[in-house]
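> curious how this folds, go ahead:
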Amino acid sequence: MSLDYIFSISGPMLQGAKMTILLFFVAIISSIPLGFLLTLAVKSSFKPLSWLAQGYIYVMRGTPLLLQLLFICFGLPMLPVVGEYLVLDRFFAASLGFILNYAAYFAEIFRGGLLAIDKGQYEASQVLGLSKWQTTVRVILPQMFRIALPAVANESVTLVKDTALLYAVAVPELLHFAQTAVNRDFTIVPFFVAGVIYLAMTLVLTVFFKWIERRFNFQ
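The predicted structure is shown next:
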């Protein structure tokens, strides 16, 4: 297949990649803070809140992301009485599904980061006269994020690949344009082009997180 053909299909596919990138940023910016709040809820001394957060994490991690997307996009409008008020814009609905799903995974990552911190850190902070708030902000959270960073990086790369699930809920992203070109031209070349674009996005993300990790290690 000629380079002219590759260039001709790359334009629409890069347009689709913009939707992929937009979803990634919306999901990552929203799900990380939500995941941290879920971690705090799990560790809360108020048991009903802790149980509710644990139940939420269990459900979101125990069911497929695709099922959750289909439920939010197509299932919510079918609910009796309230369904007509739950008809959401397709991209917004998909973004909501990704945010809710990935928040549960980030919550577990942050919980693991907290568990990895030696209890001596808390005792040393008390000896230094730090308040509970100062201990959390100045001692615990920086260490937690440093420990959790590799797992956050890995989950972020997975998020880039999972954006292909937008295809299943009819949001025109990268894979949608690749499949359209395959059906129209009867060639698998668009799939290879899509693969290269995904690899480029994950490479940029991997390099970025490696840089972040080096910054943390030097501090």
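> now do the helices in the chain.
Taking DSSP state H to define them, one finds helices in the chain at 3-42, 47-62, 65-70, 90-115, 120-127, 132-134, 141-162, 174-185, 189-218.
> just those: most buried one?
helix 90-115 (a mean of 20; mean count of other Cβ atoms under 10 Å). Backbone N, C-alpha and C define where each C-beta goes, glycine included.
> packing partners of that helix?
Applying 3 or more Cβ pairs under 8 Å, 6 or more residues apart in numbering; DSSP states H and E, we find helix 90-115 packed against helix 3-42, helix 47-62, helix 65-70, helix 141-162.
> how about the ones you listed, which one is nearest Gly120?
Across those, the minimum distance to Gly120, taken as Cβ to Cβ, is reached by helix 141-162, at 11.8 Å.
> state the distance from Arg146 to Ile197.
32 Å (Cβ to Cβ, to the nearest Å).
> quick one: the helices of the chain as JSON lines, columns for distance to Val81 and mean pLDDT too.
JSON lines is the format used below for the helices of the chain (distance: least, Cβ to Cβ, whole Å; pLDDT from 0 to 100):
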{"stretch": "helix 3-42", "distance to Val81": "28", "mean pLDDT": "91"}
{"stretch": "helix 47-62", "distance to Val81": "23", "mean pLDDT": "95"}
{"stretch": "helix 65-70", "distance to Val81": "21", "mean pLDDT": "94"}
{"stretch": "helix 90-115", "distance to Val81": "19", "mean pLDDT": "93"}
{"stretch": "helix 120-127", "distance to Val81": "49", "mean pLDDT": "74"}
{"stretch": "helix 132-134", "distance to Val81": "44", "mean pLDDT": "75"}
{"stretch": "helix 141-162", "distance to Val81": "32", "mean pLDDT": "90"}
{"stretch": "helix 174-185", "distance to Val81": "33", "mean pLDDT": "88"}
{"stretch": "helix 189-218", "distance to Val81": "41", "mean pLDDT": "88"}
